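K.L.:
Just a sequence and a predicted model for now, questions to come.
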Amino acid sequence: MKFYIKNVILKTTLPRIEMIFVLIINWNDFLLPYEQAVAEIKLKLENVTKQYEATYKHCPVEVIEGRVKSVGSILQKAEKKGISLEDIGEKVEDIAGLRIICRFVEDIEKVVQMIYDRKDFDMTVLVERDYINNTKSSGYRSYHLIVEYPVVALGGRKNLKVEIQIRTMSMNFWATIEHSLRYKYNGNIPDYVQERLKSSAEAAFQLDREMSNIRDEITEAQRISLTLQNAVNEILNNLQRLYEVAEMDKVNKMNREFIEIYQSNNIDKLLGFKERIKVLVDVYKVRY
Ligand code: 0O2
């Protein structure tokens, strides 16, 4: 990677880092492709969500956020990890970052798959970090993918690393709070606060589980309602046919039975009745 020596004055609170600024850099030039990558990926993923909306399918993506890391944070991370300036682009993996927020935990794997499926088009997954099944000691839960994404700018094509964090709303809420506490305590969160954070991370995850259960119930209720609606339509159609071919008394009796079953709200009885009346219609079809 090429760095340009320019008279760029950047403010930072880190004294050691000031030395590095002597060496560097036109940060604007350096960060521009990362900004492009974030903007492009965000737009592409937002378009996928629009396609979901158009087909009335549940969209696993709720919100997409994107950012380019600040120069101070890049240098802080490089220093913490002993990364030289030349290696920043290669080794600081989250200079470009996107965050995808989902409603339900199950949506996360769908989003992960969605990103893997783009392999032949634009982005390739390089690293996968599952902090949901491997919760961090802080209590942090999230799913991270480091992808390689090509941007085409004036200088030609550049393959950049981009970090995509995928998490639920409650994981995001927790991480945001914890992040600001980290900042407040300068990375040294007192033990008693850490303990509370850990237990609130568990509570947040419990909330995710509850929401998933409710989601299953909603899906089940929708399925039952649809089955009921289809069965009633079929029964009414067949009763109508019977009125044309069967004895009036017999059809009236069946009609009354149908009303009784319908009012009893017993779906099994209703489905049984649907089959019986179907057979009867078939019998009359053969007869006439
Ligand atoms: P920011 O300000 O969000 O960009 P490391 O420095 O070793 O922890 P590494 O090796 O780059 O991080 O990878 P890791 O652990 O996967 O962390 C990458 C990012 O995940 C972090 O970037 C955070 O955004 C988020 N993250 C990881 N662990 C935690 C955690 O315990 N709490 C919260 N709130 N976020 C976490 P940055 O650069 O640390 O922070």
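P.N.:
That came through, no problem.
K.L.:
do stretch 27-45 and the ligand meet at all?
P.N.:
No: Stretch 27-45 lies out of reach of the ligand by CB under 6 Å from any ligand atom, never closer than 12.9 Å. C-beta coordinates here come from the backbone N, C-alpha and C atoms, glycine included.
K.L.:
Could you pull out the buried residues of that stretch?
P.N.:
Neighbour counts over stretch 27-45 (16 or more other CB atoms under 10 Å) mark 27, 30-38, 40-42, 45 as buried.
K.L.:
what residues does it touch?
P.N.:
Residues external to stretch 27-45 that are found in contact with it (CB atoms under 8 Å, 6 or more residues apart in numbering): 3-4, 8, 10, 61, 64, 66-68, 71, 89, 95-98, 100, 122-123, 149, 151, 153, 158, 160, 162, 164.
K.L.:
Close to the ligand: what parts of the chain are there?
P.N.:
Taking CB under 6 Å from any ligand atom, the part of the chain that reaches the ligand is made up of 69, 73, 77, 94, 129, 136, 138, 140, 144, 175, 178, 179.
K.L.:
For PyMOL, write the select line for the buried members of the residues you listed.
P.N.:
Only the buried entries of the residues of the chain next to the ligand go into this PyMOL selection, using 16+ other CB under 10 Å:
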select buried, resi 69+77+94+138+140+144+175+178
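K.L.:
Kindly reformat the residues of the chain next to the ligand as TSV and extend each row with pLDDT, distance to residue 229 and secondary structure.
P.N.:
Shown next, in TSV, are these (pLDDT from 0 to 100; distance: CB to CB, whole Å; DSSP: H, G, I helix; E, B strand; the rest coil):
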residue	pLDDT	distance to residue 229	secondary structure
69	97	52	coil
73	94	55	helix
77	95	56	helix
94	97	49	coil
129	98	45	strand
136	97	47	coil
138	95	49	coil
140	98	45	coil
144	98	43	strand
175	97	42	helix
178	96	47	helix
179	94	48	helix
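K.L.:
can you pull the contacts of residue 182?
P.N.:
residue 189.
K.L.:
picking up where we left off before, okay, the buried residues of stretch 27-45 in JSON lines with pLDDT and secondary structure next?
P.N.:
Below are the buried residues of stretch 27-45 laid out as JSON lines (pLDDT from 0 to 100; DSSP: H, G, I helix; E, B strand; the rest coil):
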{"residue": "27", "pLDDT": "90", "secondary structure": "helix"}
{"residue": "30", "pLDDT": "92", "secondary structure": "helix"}
{"residue": "31", "pLDDT": "94", "secondary structure": "helix"}
{"residue": "32", "pLDDT": "94", "secondary structure": "helix"}
{"residue": "33", "pLDDT": "95", "secondary structure": "helix"}
{"residue": "34", "pLDDT": "97", "secondary structure": "helix"}
{"residue": "35", "pLDDT": "97", "secondary structure": "helix"}
{"residue": "36", "pLDDT": "97", "secondary structure": "helix"}
{"residue": "37", "pLDDT": "98", "secondary structure": "helix"}
{"residue": "38", "pLDDT": "98", "secondary structure": "helix"}
{"residue": "40", "pLDDT": "98", "secondary structure": "helix"}
{"residue": "41", "pLDDT": "98", "secondary structure": "helix"}
{"residue": "42", "pLDDT": "98", "secondary structure": "helix"}
{"residue": "45", "pLDDT": "96", "secondary structure": "helix"}
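K.L.:
Between which two of these is the distance greatest?
P.N.:
Among the buried residues of stretch 27-45, the pair separated by the greatest distance (CB to CB) is 27 and 45, at 26.5 Å.
K.L.:
Alright, that wraps it up for me.
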